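Q: how would this look folded up:
(2 chains)
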Amino acid sequence: MRKSYGERVVLDVDELSVEKGEIFALLGPNGAGKTTFTEILEGLRSHDSGELSVLGEDPRRATAAWRTRVGVVLQDSQDYAQLTVREILEHFASLYAGARDVAELTHAVGLHEQRDQLARQLSGGQRRRLDVALGLVGRPEVLFLDEPTTGFDPEVRRQFWELILDLRREGTTIVLTTHYLDEAEHLADRVAVISAGRIVDVDTPQRLGGRHLAKAVVGWNDEHGAHRMETEDPTGAVLELAGRYGGDVPQLTVTRPTLEDIYLHMIGDNA
Amino acid sequence: MSASATKESITAPRLALPLWKVAVARSTLEIKQFFREKGQVVFTFGMPLLMLVLLASIFKQHIADTGVDAQQIYVTGMLGVGIMATSFQSMVLQVVGERANGTLKRLRSTPMPKSAYFAGKVAVVLVSSLGQAVILLGLGTAFFGLKLPTDPARWLTFAWVFVLGIVSCTLLGLAYSSYVRPQSAGAMVFLPVIVLQFISGVFIPFNQLPHVLRIIASFFPMKWICQGMRSVFLPDTFRPYEPGHSWGHGQIALALGAYAVVGLLVCLKTFRWKSRNDG
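A: This is a model prediction of the structure:
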C-alpha cells in the first residue's frame, strides 16, 4: 500500500494486518506517516496503489454503513466551541442507530461534571476526552485513536487506559498512534514501528526489535567503583556475583532494555 | 502489497437513520451554534442595519414624480445586502472555519449523509435571513417611510426573489469556500461583496451608474436581488428609473435560477471536506 504527494512517497507499507479484537499501536516519530496511515485506514485520505481492506471494505469507497462501524478520534480538534459537551454528544449520537447512551458515555470518559460546559471552556485534556467520547458514541467495531492522551495528566491517563481495555473486553478492535512508549507497552497487544513512511517492525511490546533476545545488563558498585556486565544469563551472573561477595552484591541492578531503548535504536537506524 | 485491518463484522450492519431526521438534527445544531457565536451575529445582522440607519439618515432626497424617497430605496438595497450577508458571506466564513478547525473532517468520519450537512446550512441561512429581513422592514416602516405592500402578488414576488436569492448565494458561498484559505477569508469575502454593493444599486441608484458598471453588475446576483426587492417595495411610479423601464421579473428569475444551478454544480464538483494541506 502506497501513498505519495507528487514525487515524494510518504507511505509504503508491505504486508500488515490487524486482528479482530486486538489493540494495535503505531509508534513513530513526528512526520513518520502515522497520521497519514491512520487517516487512510479511516477513509479520510486515499492511498494511491496497493490493496487495503478495513472491515472487508476499501476505505476509499467507504459507505455510510461502513462509517457506522468505524470510530475515529482525530488529532487536535476545536470544533463546536459554542455547544455544551452534552449537546455535542447528543447530536453525534443522533447520527447513529444504536448509539451509546450519552450519560453513560460522559461517565465513562470522566466528563460527567462538565456535561453542561461549553466545549471552549474545557481544558486541553477534557477536550481530548470529549473527542474520545465522540469516537465511541456510535459503538464502533473498529476504533482509531490518533494520539488520544496528549495533554492528559497521569491519573486521567490511567483512567483512559482502563477505558480502552474495557472496550477491548467488549470486542472492539483498537488502532492507536502514540508518542508514549509506556502507553503502547501497557495497552497494545502488538506494536508497529513506523519510520519515514515504512513499517520497521511489528511485534508484541515484549518482542519488538528482538527485545526478548537482547542482553541484560547487570550492574553493581564496590570499593573499586561501578561495574557493568552485559549478559544473556543474568540469573547465572547474579548467582556468581553473590558467591564472589559472599551474599549481598552491593547496589545490585539487573536491567533489560526498555521499549524506549529498543524504539530509539530502531528509529536511529532508519532516520 | 496489502495491508488489511479487521475483516469480519462483529454485529450485523445497522440500519441507517432516515435522512430527514439527520437533516433536522443538523439544522437545529447549526441554528443553535449560529446564535451563540455572538460576534458573528452582531456582525451579520449589524452591518446592514447600521448601513441603513446611516445612509437613510444622511440621504433623504425625493425622487421626482415617483413618490419615492432615497430612504426607501436604501431599505430595498439593504435587503439585498442582508441576503448577501446571511447567505454568501456567513456561509464562506463558516465553512472555511469549519474546514480549518476539523468540523468537516469529523463529520466525514461519521455516517452522516453529505446532503444533511448542506440542509443544515440552508436552514441556518433561512432562519437568519428571515430574521434579518423582518428587522430591516420593521426599521424601514417605522422610520424611513416604507409602506409594506398589501397586494399578495407583491409578497409572492418577495417570496421567490428571497428564496432564489438565498439559495443561489448560499450555493455560491459553499462553492467559493473551497478556494479560500482561512487566513485570508475575511478579505476574500468582503472585497467582492463591497465592490458589488457599489455597482449593484445599493449605495448609488442603479440608473445613475456608468453603463460599463451596470453591465458588470448584471453578471452577479446582487444586482438582481436588489432589483427584485425594489419591485416589491417601491410603487410602479418608480419603474421608469429601472433598466428598460421595467421590473424585469423574468430576467431576475432567470439570472438567480442560473446562479443556483451553477453554484450547485460547482459545489458538487469541488466541495472539499478537508483543508488544502490535508492531502
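
Q: Grab the nearest non-local neighbour of residue B:232.
A: Take residue B:232 and drop its neighbours on the chain: the residue closest to it by C-beta to C-beta, 6 or more residues apart in numbering or on different chains is residue B:158, 4.5 Å away. From N, CA and C alone the C-beta is placed, and that goes for glycine too.

Q: quick one: pLDDT of that neighbour?
A: What the model reports as pLDDT for residue B:158 is 97.

Q: Quick check: which element contains it?
A: Element membership of residue B:158, judged by DSSP states H and E, is helix B:152-177.

Q: Report the buried residues of that helix.
A: By 16 or more other C-beta atoms under 10 Å in any protein chain shown, the buried positions in helix B:152-177 come out as B:157-158, B:161-162, B:164-177.

Q: Remind me what that helix packs against, helices and strands.
A: Packing contacts for helix B:152-177, counted by 3 or more C-beta pairs under 8 Å, 6 or more residues apart in numbering or on different chains; DSSP states H and E, involve helix B:70-84, helix B:90-100, helix B:114-143, helix B:221-233, helix B:249-270.

Q: Let me have those helices in a markdown table, extended by mean neighbour count.
A: Below are those laid out as a markdown table (neighbours: other C-beta atoms under 10 Å in any protein chain shown):
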| stretch | mean neighbour count |
| --- | --- |
| helix B:70-84 | 27 |
| helix B:90-100 | 23 |
| helix B:114-143 | 18 |
| helix B:221-233 | 26 |
| helix B:249-270 | 16 |
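
Q: Now tabulate those in JSON lines and tack on mean pLDDT.
A: As requested, those are arranged in JSON lines below (pLDDT from 0 to 100):
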{"stretch": "helix B:70-84", "mean pLDDT": "93"}
{"stretch": "helix B:90-100", "mean pLDDT": "91"}
{"stretch": "helix B:114-143", "mean pLDDT": "92"}
{"stretch": "helix B:221-233", "mean pLDDT": "95"}
{"stretch": "helix B:249-270", "mean pLDDT": "92"}
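
Q: And those: which comes nearest residue B:17?
A: With C-beta to C-beta, the closest approach to residue B:17 among the helices and strands packed on helix B:152-177 belongs to helix B:114-143: 9.5 Å.

Q: what angle sits between that closest one and helix B:221-233?
A: Angle of helix B:114-143 versus helix B:221-233, following axes from the mean of the first three to the mean of the last three C-alpha atoms, to 10 degrees, is 50 degrees.

Q: Between helix B:70-84 and helix B:114-143, find me the angle.
A: Using the same axes, to 10 degrees: helix B:114-143 against helix B:70-84 is 160 degrees.

Q: Can you name the element that comes right after the helix or strand that residue A:236 is a member of?
A: Assigned by DSSP H and E, residue A:236 belongs to helix A:234-245. Remark: after helix A:234-245, the chain's next helix or strand is strand A:253-255, criterion DSSP H and E.

Q: That next one - contacts with which helices or strands?
A: strand A:216-222.

Q: quick one, what contacts the closest residue to residue B:241 other than its chain neighbours?
A: Leaving aside its chain neighbours, residue B:241 sits nearest to residue B:207 (4.9 Å; criterion: C-beta to C-beta, 6+ apart). Neighbouring residues of residue B:207 by C-beta atoms under 8 Å, 6 or more residues apart in numbering or on different chains: B:241-243.

Q: Going by neighbour count, which of those residues comes out on top?
A: The most crowded member of the contacts of residue B:207, judged by other C-beta atoms under 10 Å in any protein chain shown, is residue B:241 (20 neighbours).
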